[in-house]
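Asker: I would like the atomic coordinates for the input below:
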Amino acid sequence: MASPQLEDGFLKISNELFEAIILATRSLTRYELMVFMAIVRLTYGYNKKEKQIKGKEIELLTNILPNNISRAKKMLVERNMIEIDNGNIRIQKDYELWKTEIISRQIHNSISPDTKKVSSQILSDNEQIVSSQIHDSIQPDTLDVSRQIHNSISPDTFPLESKYNLKDKYKYSSKNKELFDEKADKPKREKPKLDLPSWIDLSTWHDYLEMRRKIRKPATLKAQELIIKKLERLKSEGQDPNKILEQSIENSWQGVFPLKPLDASSGYQKPLRASQIGKNPDISYPPGYWEKVRELKAKGFEGEALTAELKKIPAFAESKK
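Answerer: This is a model prediction of the structure:
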């Protein structure tokens with residue numbers, strides 16, 4: 001929760017100048033107002049009348065791009081709201097010199113009520129005279145012709161445009177009508193579908209394809225067929241195809257590869273050797289062996305201490321380490 005305090009710093013500015021800034025905001029753009037208020041903060045906020053202000057300081061306060069900051073500063077100089085001298089920026093305190101709506105409002109207020117009434121009467125009289133002249137210049141024959149043209153227009157007047165509703169109307173002449181009819185009636189070719197085997201989990205397969213898209217290597221239909229064939233071969237060798245897909249997703253691999261066997265010393269998978277490819281890595285160990293290894297490692301057992309703990313379990317006493 002924000003908790004601003006005066007002890008952390010405050011802005012010292014006269015009420016008269018601040019009220020002039022409030023009136024000037026109506027004629028400033030959003031960027032001009034933000035840059036102007038940032039200059040006020042960076043000068044009067046430090047009890048200085050002028051200061052060398054870098055564009056980076058204004059950018060940090062306003063989150064405006066540098067080119068927009070430069071354009072806003074230029075406009076503020078033209079409005080005579082700020083002055084820049086040898087890199088020093090200061091606020092023009094004489095707000096009556098600002099080129100904003102304040103000046104136009106003062107001029108407007110200086111006009112007497114009688115002058116306003118006369119000008120409004122002249123304007124209304126001129127409008128009535130001009131409108132009556134335009135109305136009298138329209139002949140009945142002109143109205144009849146326009147009414148006839150309007151009534152003659154029907155959907156049959158533009159058959160091609162109404163049928164195809166295309167922007168490049170000059171292309172669709174009557175000579176090409178048969179060609180476009182043939183294209184319009186031609187059925188769309190259906191995209192070939194992939195038959196996913198039942199032993200592949202649908203959500204895992206979609207996650208794998210999504211990963212391929214994320215690494216900018218989307219799988220074509222032919223590539224998907226080849227991947228399924230490879231998974232089928234690995235499945236016949238005792239591998240779990242869904243775990244193989246999860247392994248590729250976890251490592252952001254483009255292809256699919258045999259599962260890595262778990263390392264007893266670390267409790268994690270290690271790369272396969274050439275002699276291990278096509279073999280079940282867990283075939284020499286009883287069920288639950290690697291889960292117990294990870295459980296003991298989480299408790300801090302390593303090396304010989306880990307081996308000793310495993311030997312205390314009858315089911316794992318004769319297992320290979």
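Asker: my read: residue 34 touches residue 64, true?
Answerer: Yes - between residue 34 and residue 64 there is a contact at 6.3 Å, judged by CB atoms under 8 Å. C-betas here are computed from N, CA, C, even on glycine.
Asker: Next, show the common contact partners of those two.
Answerer: residue 72 (CB atoms under 8 Å, 6 or more residues apart in numbering).
Asker: Which positions in stretch 219-231 come out as buried?
Answerer: 219, 224, 227, 228, 230, 231 (16 or more other CB atoms under 10 Å).
Asker: How about residues contacting that stretch?
Answerer: 192, 194, 196, 197, 200, 209, 212, 241, 244, 245, 255, 256.
Asker: Take these and write them to JSON lines, including secondary structure.
Answerer: Formatted as JSON lines, these follow (DSSP: H, G, I helix; E, B strand; the rest coil):
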{"residue": "192", "secondary structure": "coil"}
{"residue": "194", "secondary structure": "coil"}
{"residue": "196", "secondary structure": "coil"}
{"residue": "197", "secondary structure": "coil"}
{"residue": "200", "secondary structure": "coil"}
{"residue": "209", "secondary structure": "helix"}
{"residue": "212", "secondary structure": "helix"}
{"residue": "241", "secondary structure": "helix"}
{"residue": "244", "secondary structure": "helix"}
{"residue": "245", "secondary structure": "helix"}
{"residue": "255", "secondary structure": "coil"}
{"residue": "256", "secondary structure": "coil"}
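Asker: Buried ones among these?
Answerer: Buried members of the contacts of stretch 219-231, counted by 16+ other CB under 10 Å: 200, 209, 212, 241, 244, 245, 256.
Asker: which residues touch the second one?
Answerer: Contacts were defined as CB under 8 Å, 6+ apart; by that measure residue 209 touches 218, 219, 224.
Asker: can those residues go into a markdown table with extra columns for distance to residue 29 and pLDDT?
Answerer: Converted to a markdown table, those look like this (distance: CB to CB, whole Å; pLDDT from 0 to 100):
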| residue | distance to residue 29 | pLDDT |
| --- | --- | --- |
| 218 | 45 | 92 |
| 219 | 50 | 91 |
| 224 | 54 | 92 |
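Asker: Which of the residues you listed fall within helices?
Answerer: residue 224 (DSSP state H).
Asker: Just the closest of the contacts of residue 209 to residue 251, please.
Answerer: residue 219 (16.2 Å; CB to CB).
Asker: The closest one and residue 248: what is the separation?
Answerer: 11 Å (CB to CB, to the nearest Å).
Asker: again, but for residue 314
Answerer: 38 Å.
Asker: got it, and residue 202?
Answerer: For residue 202, the distance to residue 248 - CB to CB - is 16 Å.
Asker: Those two: who's more crowded?
Answerer: Higher neighbour count among residue 202 and residue 248: residue 248, with 19 against 9, using other CB atoms under 10 Å.
Asker: quick check, that one in a helix?
Answerer: Yes - Residue 248 forms part of a helix when assessed by three-state DSSP.
Asker: Can you name the residues that contact it?
Answerer: 208, 211, 254, 255, 256, 257.
Asker: Could I get the residues you listed in a markdown table, plus columns for pLDDT and distance to residue 42?
Answerer: Below are the contacts of residue 248 laid out as a markdown table (pLDDT from 0 to 100; distance: CB to CB, whole Å):
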| residue | pLDDT | distance to residue 42 |
| --- | --- | --- |
| 208 | 93 | 55 |
| 211 | 92 | 49 |
| 254 | 91 | 53 |
| 255 | 91 | 58 |
| 256 | 92 | 60 |
| 257 | 91 | 60 |
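Asker: For this structure, which segments count as helices?
Answerer: Secondary structure of the chain (DSSP H): helices located at 15-24, 30-43, 55-62, 66-78, 101-110, 113-137, 140-152, 159-164, 177-185, 202-214, 221-236, 241-251, 289-298, 303-311.
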